[in-house]
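Trainee: no sequence for this one, just the structure:
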């Protein structure tokens, strides 16, 4: 029996990934859990260790068992095995598609009876810009992020199969977290049947 389904949430900056993650955890806190990644980059002023990231030295990072690890701007990022070893059936990892592909491959080797459920956000640029304005991004930051964000293309090139696609309409639907929860539940049930 498959004992965990890791929810991999992917999409452009400002699309609502963190909101869906938070809503699922609030809806079913015994089933869903945020995976807190580790990094070697310095902590930013408002960040909280253990909540935003685990901020590690290079030596601490080297001594940690990771499922997936990547480098960006000379810093290392990864999700440790211990973040998944809880009673929660659905750890949630917000991740970029290239890391999701590596994560899926490594997870299948290390934990063959675990699975993944890929959520991909396909949100219009107008909605992305509105979301970024709400969180306080400047117009210059918004324009730069929109023009440089290639995560949709990366997702298509990754070969990952989206089990759920989130659109602008979903973001306006108050019942969407419940619908997402039901979809994940039925995916898990079909996987259990397949493996039994």
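Mentor: Here it is on my side, so go on. Please read these numbers as outputs of a predicted model, since none were measured by experiment. Numbers count the residues shown, from 1 in each chain.
Trainee: list the buried residues for stretch 84-98?
Mentor: 84, 88-97 (16 or more other CB atoms under 10 Å). Where you see a C-beta, it was placed from the backbone N, CA and C, and this is true even at glycine.
Trainee: show me what the longest helix seen in the chain is packed against.
Mentor: When every helix of the chain is counted residue by residue (DSSP state H), the longest turns out to be helix 176-195. Applying 3 or more CB pairs under 8 Å, 6 or more residues apart in numbering; DSSP states H and E, one finds that helix 176-195 contacts strand 4-10, helix 17-27, strand 114-121, strand 164-166.
Trainee: quick one: which of those is nearest residue 79?
Mentor: strand 4-10 (9.3 Å; CB to CB).
Trainee: adjacent strands (with direction) for that closest one?
Mentor: Strand 4-10 pairs in its sheet with strand 90-94 (parallel), strand 114-121 (parallel), by DSSP bridges.
Trainee: what's in contact with that strand?
Mentor: 17, 20-21, 24, 32, 35, 84, 88-97, 100, 103-104, 107, 111, 114-121, 151, 155, 160, 184, 187-188, 191 (CB atoms under 8 Å, 6 or more residues apart in numbering).
Trainee: next, the angle from that strand to helix 17-27.
Mentor: Strand 4-10 and helix 17-27 are oriented at 150 degrees to each other (axes from the mean of the first three to the mean of the last three CA atoms, to 10 degrees).
Trainee: and the angle from strand 4-10 to helix 176-195?
Mentor: Using the same axes, to 10 degrees: strand 4-10 against helix 176-195 is 130 degrees.
Trainee: mind listing residues that contact stretch 15-32?
Mentor: Contacts for stretch 15-32 (CB under 8 Å, 6+ apart): 7, 9-11, 33-34, 87-92, 94, 119, 121, 123, 127-128, 131, 166, 171, 176-178, 180-181.
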